[in-house]
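Asker: Here's my sequence, what's the structure:
(chains A and B)
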Amino acid sequence: MALAINISTEHKNLTQTPLLKIWVPWTGGNLNRRRGSSVPQFCNSPTMIVMVGLPARGKTYISKKLTRYLNWIGVPTKMFNVGQYRREAVKIYKNFEFFKPDNEEAMKIRKACAAAALKDVALYFTKEQGQVAVFDATNTTRERRAIILSFAMEMGYKVFFVESICDDPEIIAENIRQVKFGSPDYADRDIDEAMEDFTQRIDCYRASYMPIDDEKDRKLSYIKIFDVGSRYLVNRVQDHIQSRIVYYLMNIHVTPRSIYLSRHGESELNLLGRIGGDTGLSPRGQKYASALATFIKGQKIIDLKVWTSHMKRTVQTAEALGVQYEQWKALNEIDAGVCEELTYEEIQENFPEEFALRDQDKYRYRYPKGESYEDLVHRLEPVIMELERQENVLVICHQAVMRCLLAYFLDKPADELPYLRCPLHTVLKLTPIAYGCKVESFFLNIEAVNTHRERPLNVNITRNPEEALQTVPDHI
Amino acid sequence: MMRGCSSRSKLSQNQDRAVCMTNCPTLIVTVGLPARGKTYISKKLTRYLNWIGVPTREFNVGQYRREFVKIYKSFEFFRPDNEEGLKIRRKCASAALNDVREYLTEDGGQVAVFDATNTTRERRETILEFAEQNGFKVFFVESVCEDPDVIQENIVQVKLGSPDYTNCNTEEAVEDFMKRIKCYENSYETLDEVLDRDLSYIKIMDVGQRYLVNRVLDHIQSRIVYYLMNIHITPRSIYLCRHGESELNVKGRIGGDSGLTIRGKEFAKKLSHFIQEQNISDLKVWTSQMKRTIQTAEALNVPYEQWKVLNEIDAGVCEELMYEEIQKNYPLEFALRDQDKYRYRYPKGESYEDLVQRLEPVIMELERQENVLVVCHQAVLRCLLAYFLDKTAEELPYLKCPLHTVLKLTPVAYGCKVESISLNVDAVNTHRERPANVNVQRTAEDALQTVPPHL
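Answerer: Here you go, the predicted model:
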């Protein structure tokens, strides 16, 4: 990375940015000129992830999941589904004949759609600061892949192929059932018709399908996924982001399961309206722990894993379940640094500017000597990775932590994340379905304080205490 | 992960462990012709797993053979028709497996790396039966390589120095070793996609250009695969150093986020000159997000990346205190720390053990990178150094990492060459040795016996 400016070797004084608490040289306020990057440099050139595979092989499932994961860890990623473009171009889908290889008119349309999608990819990278684009289409011919490769080469993008290969008829049938019947293409069809049509659609591709060739394509970077993850072939991983993508893809699975998220039972500090700390459960919190045990038993879950943080309140909650549990330090609540154990009123009194900055950008704001939500996401990444590997899990954690985990599963952006509602004494049951996640919320009928503070109207540093404390929930 | 495959959970002994890494012990079995990097991979993997807290040991069958057959004569020992040789080699493999069993069942081991050629399906069957009898999971790591340059380089780097060839000159050794490889070639049965489809394995082809991964069963196998896919053998150097001397350093205070002293700034300047003189191509520079490392990096006049996970160990309630103050206010904590400095966690702070866990992504990225300079802190540097130099948890918190000294690490053969370069700028000593008396009832004098001098 060439240095664009010459700065004298005299030591510039450092100043700490107020929101992120990052030390930067004081260059008269021009932050563009600083050398130190505080964001992990995942990739230099933009990367295109190109899906390859017959229909109903999980390409869109993988594309959406990967996009969600990359965005969550802070890599701006967008998915481009060529099928979507086709549906916009050809308003009404008649039948599989559209996909017949000898249908010249359709071929023209399909090529145009792919080209339009590629154009949008370029726009995403150049105008919207995207870093990764997931190009979701069958891309089953060498010809089509060659077009994409030369496009990428011309524009200076890296390309990483993800091919999904599967011949298990049961899996394919299940795929079709789960996602194709709900597709706009089949809105007016009954199940058998749809199944019949889709099967013929797959056949249209089969004859011209040329999988990535281990010999001819040995210079390309790719991963081949066989039989839903039973086996993988990985070729020429170029950089950090591709390595992370491979690791992620190798850890996800499609076995049905549920993830239960809950906070600890109400704690002593919760009652007092104080944040952070490491106190035990209040009497109502204890009641919740017992109710949780009853609820979990009632769910009749096979092989449930239970995870807690290292903090007393989650451990106490888990103890009531009477089962083995694992403690993760990474699940500890956000570190509020100098504000630990203070009430919002006290924070306003002692650190009014910090309090305002936090309301301005709650996701990136870092407490002095503490953490930000952004830091929290970073430290929770191994938890998410392990959640992906596991099957049935109950995670007993904390408000900010739960918001981060929930944002991952429900694909919430950074500005919504810190305001997600995660009330005490409520269990969220997440069950993967189709391309997303079903959420069921169970309030276990034990009263608790509200700990959710909405963003107040006035976030200006010059605001008065009343305005700052407008949205603070009630406490003792 | 297989569809519908749910890991049978046999509960691990330690409930407080951060993640239940393994249910039953795992046997990693290397596969490959000689000079394909099996021992290199075995040693590196063992070092990594131990560092992240998974008790691992390697069992090199060649070692057993050398103990049995005191003097190595020539490649003839390895000829497939040498009955006597075969008998001995089978015996050695058995002896090694026996030791594996003892390690995994009685000595608290969690992973054993069985390092041998294991090139025939028959030999691998034997190992699989052994593992099944004992309730061990098996994961194969096969290294396949046909590039003659790579093989030649391997032989030069590690075989010539082997005890087998101490009395040969280079040409003789290379010639003999090539013939040795030939002995295995005819009977080599590589892991087969079809025949071995039920086994768990990774096949590494051409030093990491390509990987075939089959049936990863659990967390530890997944981590092993990730690690193996990130390491490389391109020559490079890693430079580790601490920030320049800080204001709090001279006051004998721990932690905090202060700036550099004048001497610290002097070091930063000298570091810049040193780095320039080293003439390193494509150097990446990493710092923590604390003022003192950033100030140090700023003097280098090159782009650098700030990692929060490189921040110094969080001393919680003891932040910015002097050791004398810690003794005065928290004598019990102070003693507990001396009793087990690796596992001791400061109240509202961290332990070295926590630090290792948060530094794991740094190590992973260091493995991926080539030339890197890491400007960090005392405890952090100790953790990183322990990884590269294979130091135990007991030794780690007492590794000497003085201020104003650069450590240059260069991978060589199976390990790491370390050069310690002092940049000749005076600084306080911040290294506190373990005192003789670590009992909670000790006197203040006993406790403070090893505190280095400060203002």
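Asker: Can you tell me how far A:N464 is from chain B?
Answerer: Distance, A:N464 to chain B, by CB to the nearest CB, to the nearest Å: 31 Å. Heads up, the C-betas are built off the backbone N, CA and C, glycines and all.
Asker: Next, count neighbours for that residue.
Answerer: Neighbours of A:N464 under the rule other CB atoms under 10 Å in any protein chain shown: 11.
Asker: Check the spacing between it and A:Y367 real quick.
Answerer: 22 Å (CB to CB, to the nearest Å).
Asker: Also B:A95?
Answerer: For B:A95, the distance to A:Y367 - CB to CB - is 58 Å.
Asker: Of those two, which one has the most company?
Answerer: Legend: neighbour count by other CB under 10 Å for B:A95 and A:Y367, higher for A:Y367 (22 against 16).
Asker: Pull out the buried positions in stretch A:191-209.
Answerer: By 16 or more other CB atoms under 10 Å in any protein chain shown, the buried positions in stretch A:191-209 come out as A:194-195, A:197-198, A:201-202, A:204-205.
Asker: same thing with stretch A:277-296?
Answerer: Neighbour count says stretch A:277-296 has A:277-282, A:284-289, A:291-293, A:295-296 buried, by 16+ other CB under 10 Å.
Asker: and if you look at stretch B:166-177?
Answerer: Of the residues in stretch B:166-177, those buried (16+ other CB under 10 Å) are B:168, B:173-174, B:176-177.
Asker: quick one on the thing from earlier: keep only the buried residues of stretch A:277-296 that also lie close to chain B.
Answerer: Applying CB under 8 Å from any CB of the partner chain, the subset of the buried residues of stretch A:277-296 adjacent to chain B comprises A:D278.
Asker: Of the buried residues of stretch A:277-296, which belong to helices?
Answerer: In this view, the buried residues of stretch A:277-296 that belong to helices under DSSP state H are A:284-289, A:291-293, A:295-296.
Asker: Quick check, pLDDT for B:F75.
Answerer: Here the pLDDT value assigned to B:F75 is 92.
Asker: Can you tell me the element A:T317 falls in?
Answerer: helix A:312-319 (DSSP states H and E).
Asker: Where does the nearest residue to A:R463 once chain neighbours are set aside sit: helix, strand or coil?
Answerer: Nearest residue to A:R463, sequence neighbours excluded (CB to CB, 6 or more residues apart in numbering or on different chains): A:A356, at 6.5 Å. Classification of A:A356 using DSSP: H, G, I helix; E, B strand; the rest coil returns helix.
Asker: got the contact list for A:A356?
Answerer: By CB atoms under 8 Å, 6 or more residues apart in numbering or on different chains, the contact set of A:A356 is A:459-461, A:463, A:468.
Asker: which one of those residues is nearest B:R368?
Answerer: A:V459 (40.5 Å; CB to CB).
Asker: Can I get the contacts of A:A356 in JSON lines including pLDDT?
Answerer: Below are the contacts of A:A356 laid out as JSON lines (pLDDT from 0 to 100):
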{"residue": "A:V459", "pLDDT": "96"}
{"residue": "A:N460", "pLDDT": "96"}
{"residue": "A:I461", "pLDDT": "94"}
{"residue": "A:R463", "pLDDT": "96"}
{"residue": "A:A468", "pLDDT": "96"}
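Asker: quick one: which of these is nearest chain B?
Answerer: Chain B lies nearest to A:I461 out of the contacts of A:A356, by CB to the nearest CB, at 23.0 Å.
Asker: Walk me through the domains of the chain.
Answerer: Just going to use chain A. A:47-250, A:259-470 (the TED database).
Asker: ah, no, chain B please
Answerer: With domains defined by the TED database, chain B comprises B:26-229, B:238-449.
Asker: so where do the strands sit in the stretch 101-250 of chain B?
Answerer: B:111-115, B:137-144, B:201-205, B:210-214, B:238-242 (DSSP state E, counting those that start in this stretch).
Asker: Could you dump those strands into JSON lines and include mean neighbour count and mean pLDDT?
Answerer: What follows is the strands of the stretch 101-250 of chain B, written out as JSON lines (neighbours: other CB atoms under 10 Å in any protein chain shown; pLDDT from 0 to 100):
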{"stretch": "strand B:111-115", "mean neighbour count": "26", "mean pLDDT": "98"}
{"stretch": "strand B:137-144", "mean neighbour count": "22", "mean pLDDT": "98"}
{"stretch": "strand B:201-205", "mean neighbour count": "22", "mean pLDDT": "98"}
{"stretch": "strand B:210-214", "mean neighbour count": "21", "mean pLDDT": "98"}
{"stretch": "strand B:238-242", "mean neighbour count": "24", "mean pLDDT": "98"}
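Asker: Helix or strand: which one has B:N429?
Answerer: Counting by DSSP H and E, B:N429 is found in no helix or strand.
Asker: Quick check: it vs B:Q378, distance?
Answerer: To B:Q378, B:N429 is 11 Å away according to CB to CB.
Asker: sorry, back to before: among the buried residues of stretch B:166-177, which one has the lowest pLDDT?
Answerer: Minimum pLDDT for those is recorded at B:C168 (85).
Asker: Got the phi and psi for it?
Answerer: phi -110, psi 160 (degrees, to the nearest 10).
Asker: residue boundaries of the strands in the stretch 251-400 of chain A?
Answerer: Going by DSSP E, counting those that start in this stretch, the stretch 251-400 of chain A shows strands at A:259-263, A:305-308, A:326-327, A:393-397.
Asker: and these as a markdown table, adding mean pLDDT?
Answerer: A markdown table is the format used below for the strands of the stretch 251-400 of chain A (pLDDT from 0 to 100):
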| stretch | mean pLDDT |
| --- | --- |
| strand A:259-263 | 98 |
| strand A:305-308 | 98 |
| strand A:326-327 | 96 |
| strand A:393-397 | 98 |
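Asker: With chain B as the reference, name the closest of the ones you listed.
Answerer: strand A:326-327 (5.6 Å).
Asker: which residues does the nearest residue to A:E333 once chain neighbours are set aside contact?
Answerer: Nearest in space to A:E333, with sequence neighbours left out and distances taken as CB to CB, 6+ apart, is A:H398 at 3.7 Å. The contact partners of A:H398, taken as CB under 8 Å, 6+ apart, are A:263-264, A:309, A:311, A:314, A:331-334.
Asker: sorry, back to before: just put the buried residues of stretch A:191-209 in JSON lines and tack on pLDDT, distance to A:K78 and secondary structure.
Answerer: As requested, the buried residues of stretch A:191-209 are exported to JSON lines (pLDDT from 0 to 100; distance: CB to CB, whole Å; DSSP: H, G, I helix; E, B strand; the rest coil):
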{"residue": "A:A194", "pLDDT": "88", "distance to A:K78": "29", "secondary structure": "helix"}
{"residue": "A:M195", "pLDDT": "89", "distance to A:K78": "32", "secondary structure": "helix"}
{"residue": "A:D197", "pLDDT": "91", "distance to A:K78": "30", "secondary structure": "helix"}
{"residue": "A:F198", "pLDDT": "91", "distance to A:K78": "27", "secondary structure": "helix"}
{"residue": "A:R201", "pLDDT": "92", "distance to A:K78": "26", "secondary structure": "helix"}
{"residue": "A:I202", "pLDDT": "94", "distance to A:K78": "27", "secondary structure": "helix"}
{"residue": "A:C204", "pLDDT": "93", "distance to A:K78": "28", "secondary structure": "helix"}
{"residue": "A:Y205", "pLDDT": "94", "distance to A:K78": "25", "secondary structure": "helix"}
